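Participant: please work out how this folds:
(2 chains)
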Amino acid sequence: MHFEYEIEGGDFSSAGKASSDIKKILKQLNIDPQIVRRIAIALYEAEVNVVAHACKGIMKVDLDAHKIKILLEDEGPGIENIERAMQEGFSTASDEVRQMGFGAGMGLPNIKRNTDEMRLTSVPGRGTTLEMTVNFSQ
Amino acid sequence: MNLYKINELVKGTICRECSTPQEFTCAFASDLMSDVLRFHMEKTILITGLSTVQTLRTAEMSNIECIIFARDKKVTDEMIKLAVENNISLITTPLTLFEVSGRLYSSGIKPIF
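Facilitator: Numbering: from 1, shown residues only, chains lettered A, B, ... in the order given. Purely as a prediction, here's the structure:
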């Protein structure tokens, strides 16, 4: 199964819609609730990151019997130093993002914690690509 | 502890009640949604002063089934719509985050760790 969602930068009222949709699909497929929770949290953190930092992005989700693969590609400022961005507590988020309860520098480490594979690449000034995989069997 | 007992303890108003009976054992108090997303939240009440659509989305992703909005924060129609869609109960109270936490803790609700 393949799903695609467009994500609008700065649109906080819609942030989470794509993640919510995928979570509902996974529940309907009777995937282990703890695995669904991990996927939902990683997806949501990633979706909020695009809304918070990029101009726009696309989320592509591929599901098979054994795993879920998620690709998020955005157009935006990108990340200057990925190693630093992965450190808990480091954030370049705006005040608006912080007022929404995010931007504390916990998103990327939380994505890593909740996925089996995570690959983050970026071209500063152009955008960021995030690839995540979660296996359905532990 | 059920929703009615919780509501009574925090002198609250139930804005939206979950359609299935709920029992809660733990609570977590935070205005930082990133922090909420870090922990296991089964059977957990979220106590917060952050009243936004993203509070509901965070609860949805974390499997939180009850949110108490402290300091008389207002709940919008959009938030209630999301609560209905995801079967989340909502309580508002004029009490502070500190007092809500204290009242629930002294009545047996546990921290999540």
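Participant: show me what the helix or strand containing B:Leu90 is in contact with.
Facilitator: Using DSSP states H and E, B:Leu90 sits in strand B:89-92. Residues from elsewhere that reach strand B:89-92 (CB atoms under 8 Å, 6 or more residues apart in numbering or on different chains): B:3, B:6-7, B:10, B:12-18, B:22, B:65-69, B:72-75, B:79-80, B:83. Just so you know, the C-beta spots here come from the backbone N, C-alpha and C atoms, and that holds for glycine as well.
Participant: residues in contact with A:Leu72?
Facilitator: A:Leu72 is in contact with A:Ile7, A:Ala46, A:Glu47, A:Val50, A:Gly57, A:Ile58, A:Met59, A:Lys60, A:Thr128, A:Thr129, A:Leu130, A:Glu131, counting by CB under 8 Å, 6+ apart.
Participant: among those, which are located in helices?
Facilitator: A:Ala46, A:Glu47, A:Val50 (DSSP state H).
Participant: which of the residues you listed sits closest to chain B?
Facilitator: Using CB to the nearest CB, A:Glu47 comes nearest to chain B of the ones in helices among the contacts of A:Leu72, at 9.2 Å.
Participant: spell out the residue ranges of the helices in the chain.
Facilitator: Reading this off chain A. Under DSSP H, chain A gives helices at A:17-28, A:33-53, A:82-85, A:95-99, A:107-114.
Participant: could you do chain B instead?
Facilitator: Ranges of helices within chain B are B:3-9, B:33-36, B:53-62, B:77-85, B:97-106, based on DSSP H.
Participant: interface residues of chain B facing chain A?
Facilitator: Neighbours of chain A within chain B, by CB under 8 Å from any CB of the partner chain: B:31-38, B:40, B:50, B:52-55, B:57-58, B:60-63, B:78, B:86.
Participant: try 6 Å
Facilitator: Residues of chain B found near chain A (CB under 6 Å from any CB of the partner chain) are B:Leu32, B:Met33, B:Ser34, B:Leu37, B:Arg38, B:Leu50, B:Thr52, B:Val53, B:Gln54, B:Arg57, B:Met61, B:Asn63.
Participant: how about those, which pair is most distant?
Facilitator: B:Arg38 and B:Val53 (20.3 Å; CB to CB).
Participant: how close does the residue most central in space within chain A get to A:Ile25?
Facilitator: Chain A has A:Ala46 as the residue nearest its centroid, 1.7 Å off, counting by CA atoms, centre = their mean. Distance of A:Ala46 to A:Ile25, given as CB to CB, to the nearest Å: 17 Å.
Participant: now residue 50: closest residue in space that isn't a chain neighbour?
Facilitator: I'll assume chain A. A:Gly57 (3.9 Å; CB to CB, 6 or more residues apart in numbering or on different chains).
Participant: wrong chain, I was asking about chain B
Facilitator: Excluding its sequence neighbours, the residue lying closest to B:Leu50 (CB to CB, 6+ apart) is B:Asp31, at 4.5 Å.
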